[in-house]
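Trainee: Predicted coordinates and the sequence they were generated for:
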There are 2 protein chains.
Amino acid sequence: MAADRNSLIARALRGEQVERPPVWFMRQAGRYMAEYRAVREKVSFVDLCNSPDLCVEVTCQPVDRFGVDAAIIFSDILPVLQAIGRDFHLVKGKGPVVPDPVRTTSDVASLRRPDVADALPVVPKAIKLFREVRPDTPILGFAGAPFTLFCYLVEGGSSKNWEYPKRMLYEAPDQARHILNLLADVVGDYLQAQIDAGAVAVQIFDTWAGTLSQEDFKAFALPATQRALARVKGAPRIFFSKDMAPYLHLVKQTGADAFGIDWRTDMRIARKALGDAPVQGNLDPLALYAPTDQIRARVRATIEAAGPRGHVFNLGHGVLPTTPLAGVDAMIDEVKKYRYPAP
Amino acid sequence: MAADRNSLIARALRGEQVERPPVWFMRQAGRYMAEYRAVREKVSFVDLCNSPDLCVEVTCQPVDRFGVDAAIIFSDILPVLQAIGRDFHLVKGKGPVVPDPVRTTSDVASLRRPDVADALPVVPKAIKLFREVRPDTPILGFAGAPFTLFCYLVEGGSSKNWEYPKRMLYEAPDQARHILNLLADVVGDYLQAQIDAGAVAVQIFDTWAGTLSQEDFKAFALPATQRALARVKGAPRIFFSKDMAPYLHLVKQTGADAFGIDWRTDMRIARKALGDAPVQGNLDPLALYAPTDQIRARVRATIEAAGPRGHVFNLGHGVLPTTPLAGVDAMIDEVKKYRYPAP
C-alpha cells in the first residue's frame, strides 16, 4: 500500500508536482491484443469475468507488453446486474443482452439487494491476486454508474435511443429512482470492496448519462452517482462519461475527486470548468491509427492542454479492437519520455 | 416571397419580437406517420428522393396533419454523393450504404465537380412545387455538411467510429481537404439553388462533426462548413450538429446565421456562447413518449430556457419512427398556445 501511495498515478491524482503524467488507457486489456484474444478463444466473456485467475492474467497483459503506469482490473460493468438478479451475456456483433429486462412493477419487485461480499467476490479477489503477482504496478478498480446500468437493465441490451429506460423516467419516475438507488448502493459498496482489496483509485463509468437532457441528467443520473460515490472512501474516485461537454458545469456535484474527459471535449475548457480537480484523458482512440509522428505530436498537445498538475494521460474512450499495436507503443513511449517544464 | 418574409419563422430567424416561437421538427416527414409509410410501401427511398412530386406529397403530410409553422423539403443528404459520382442505397436495419467508397488517390480522381442545376434538380423543383400547392407555409431547404458527407463517402456507410474517414484525415490530409472542398462547393451551390427556388431558410446538418477532437474539428469540419456557407446568400443559414456542446465556442466561426441545439446541450449555456444568434431546438425526441402533461411542461421549459427572441422551437434531433402521434400533437399544441410575456 505504501508503494502505491507514492506511485506516479497516486501522486498525479492528488494534484502533486510530478515529472510527467502517468499513463494507462481504457480497455487496455482487450481484443486489440493477440494475448487477450487467445484467452477468449478458450472461454466465454462471462466465464472470463467469473474467473479471478483469468481476470488477473488478462489484466497483466498490457502491463507486461506496454509498461503502462497502472493496471485496471479486467471485468465488465454488468456483473452488478447479476448481483441484483438479472443475467447477461454478450452476443457477437450486438453487444450485451439482458434477456429478462426490468420494466414492470413486478419486475422491479423481483430485484434483490445483495450483500456485495457474497454477490460480487471476483473483482476484489482478482485485485488482491494482482497485487501479489505485480506488486510494483498500482491497480484501479471500476464500476458502471447507476444510470448506465439502469439503461442496460431496463432496455435489455444496448440501444441508440434508450426508449425503455427513458420511458420509465417519464412514466414511473419513483420506480426508476428505486432502481437507481438500489444500483447506487450496490455500486458504492462494490467500489469500496475494490479499494479495500487494494485498488489505488476507482473509476465510475457513466457511459450513457450522455443521452440525457440537462433536466433528466440532474434529476436522475447525477443524484444516483452522488449516492454511489458518497459510500466510497479511502482512495480517489474518478468519474467518466463518454459525453462530458454538455454536463461540465454539473459533474463536480457527483462528488468525484477526478474526471475522465472524452476526446471531443476541449481539455482547456474542461480544466476551467473543473477548477483544481485532477483530470484524465483525452486522446481520440482513433488517433492511434495515425502515422506515429502524428500520434507523438498529439500526445504532447494533449499533455500541454491538460497542464502540469493533476493529469493522468489516457484515451478519451476505450481503445478499439482493430487498433495497431505500433500506435499504442508510440503513445506510451511519448508519454513516458515527456518531462514537464520546471515550475 | 413577401408572405414568407413576414412569416413567423422568418421573423424569429431575424431575432424580431414575435408572439410565440415558430415550430417545426427534424424528420417531420417520416416513418412515424402512417401517410408516409403508405408512400414508402410503393417506392424505394432512393426513388422517393428522385421524384419531386412524391417529395412534395410527403413534405405536405406533417404540414396538413400537425399545422407546423414551416415545412422542410423531404429529401436525404446523400443525393449530393450521387452528384459527385457515388451511388447510395438504404439497407433496412443498417442505414445508408455507399457501395463504392472513396479511399485511394484514384478513387478521389474519379470524383466529379457537377453543375448543381443539372446534377441536383429534384429538391429545387420540389420546393417550387410546394410553394405552389401550400403558398401559406414557408419551406426550409437543407443539405449535409461537407464533413458529414465525407464520412459516408469514405466509410461506405454509417459507422460508430469512422475509422476510414479519420484515417484519411491523418494519413492523407491534403486528399481529405480536396474532397471536403469539392463537397463544400457543391453543398454551397445546392443550398443556394434551394434559396433561389424559394426556401425561407436553409439548414446544414453536420451530424458527424461530433465525432472529432477539437483539433480535427478546427482543421477539417469547420473550414469546410465555412466554405460551403460562404457561397450562400439571401436567406438565413442554420447550422445543426448532433453534438453541439464540445464545439459551442467554435460554431459561430461557421458563419451560420442561426444554430440548431441538440437535446443534451443546456439551452442557456448555448445562448451565452452564441450571443445574439437565433437558436433552434431542443426538446429530447424521446420526451414525445412521455405523458402529455410532461410533454407540455417540457415544451414550456424549453421555450423559457431559450428566451423570448430568436428562438425556433424544434426537437434536439430527428423525430423517431416509433414516436406516438399524440406526443407530437401535444408538443405542437403547447408551442402554438404559448405567448411570450410582454417585453
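Mentor: Structure received. Numbering: from 1, shown residues only, chains lettered A, B, ... in the order given.

Trainee: could I have the helix or strand encompassing A:Ile238 exported to CSV, CA atoms only?
Mentor: Assigned by DSSP states H and E, A:Ile238 belongs to strand A:237-240. Output of strand A:237-240 as CSV, limited to C-alpha atoms (Å, rounded to 0.1, in the frame of the first residue of the first chain):
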residue,chain,number,x,y,z
ARG,A,237,-12.8,8.3,-7.2
ILE,A,238,-12.7,9.2,-10.9
PHE,A,239,-15.9,10.0,-12.9
PHE,A,240,-16.0,9.3,-16.6
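
Trainee: Tell me if that strand is near chain B.
Mentor: No: using Cβ under 8 Å from any Cβ of the partner chain, strand A:237-240 stays clear of chain B, coming no nearer than 15.4 Å. Heads up, the C-betas are built off the backbone N, CA and C, glycines and all.

Trainee: Sheet-wise, list the partners of that strand with their directions.
Mentor: Strand pairing for strand A:237-240, using DSSP bridges, gives strand A:201-205 (parallel), strand A:258-260 (parallel).

Trainee: Which one, of the ones you listed, ends up nearest to A:Arg309?
Mentor: Across the strands paired with strand A:237-240, A:Arg309 has its closest neighbour in strand A:258-260 (12.0 Å, Cβ to Cβ).

Trainee: so what secondary structure elements neighbour the helix or strand following that closest one?
Mentor: As assigned by DSSP H and E, the chain's next helix or strand after strand A:258-260 is helix A:267-274. The contact analysis (3 or more Cβ pairs under 8 Å, 6 or more residues apart in numbering or on different chains; DSSP states H and E) places helix A:267-274 against strand A:279-283, helix A:292-306.

Trainee: Highest mean neighbour count out of those?
Mentor: Per residue and on average, the most neighbours among the helices and strands packed on helix A:267-274 fall to strand A:279-283, with a mean of 26 (mean count of other Cβ atoms under 10 Å in any protein chain shown).

Trainee: Now that one: average pLDDT?
Mentor: What strand A:279-283 shows for mean pLDDT is 98.

Trainee: Which strands or helices does it pack on?
Mentor: strand A:258-260, helix A:267-274, helix A:292-306, strand A:311-315.

Trainee: export these to TSV and tack on mean pLDDT?
Mentor: Shown next, in TSV, are the helices and strands packed on strand A:279-283 (pLDDT from 0 to 100):
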stretch	mean pLDDT
strand A:258-260	98
helix A:267-274	97
helix A:292-306	98
strand A:311-315	98
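
Trainee: could you dump these to TSV with distance to A:Phe142?
Mentor: Shown next, in TSV, are the helices and strands packed on strand A:279-283 (distance: least, Cβ to Cβ, whole Å):
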stretch	distance to A:Phe142
strand A:258-260	11
helix A:267-274	20
helix A:292-306	21
strand A:311-315	13
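
Trainee: quick one: A:Phe66 and A:Asp333 touch, right?
Mentor: No: the pair A:Phe66 / A:Asp333 is not scored as a contact, 9.1 Å apart, by Cβ atoms under 8 Å.

Trainee: So which of those two has more stuff around it?
Mentor: More neighbours surround A:Phe66 than the other of A:Phe66 and A:Asp333, with 20 against 17 (other Cβ atoms under 10 Å in any protein chain shown).

Trainee: Against B:Phe205, how distant is that one?
Mentor: 40 Å (Cβ to Cβ, to the nearest Å).

Trainee: what's the answer for A:Val200, then?
Mentor: Distance from A:Val200 to B:Phe205, by Cβ to Cβ: 44 Å.

Trainee: cool, and A:Phe313?
Mentor: Per Cβ to Cβ, A:Phe313 is found 34 Å from B:Phe205.

Trainee: do the same with A:Val328
Mentor: Distance, A:Val328 to B:Phe205, by Cβ to Cβ: 34 Å.

Trainee: for chain B, what are the nearby residues on the stretch 201-343 of chain A?
Mentor: Residues of the stretch 201-343 of chain A lying near chain B (Cβ under 8 Å from any Cβ): A:210-217, A:243, A:245-249, A:263-266, A:269, A:284-287, A:289-291, A:294, A:298, A:301, A:316, A:320, A:322.

Trainee: Thanks a lot, catch you later.
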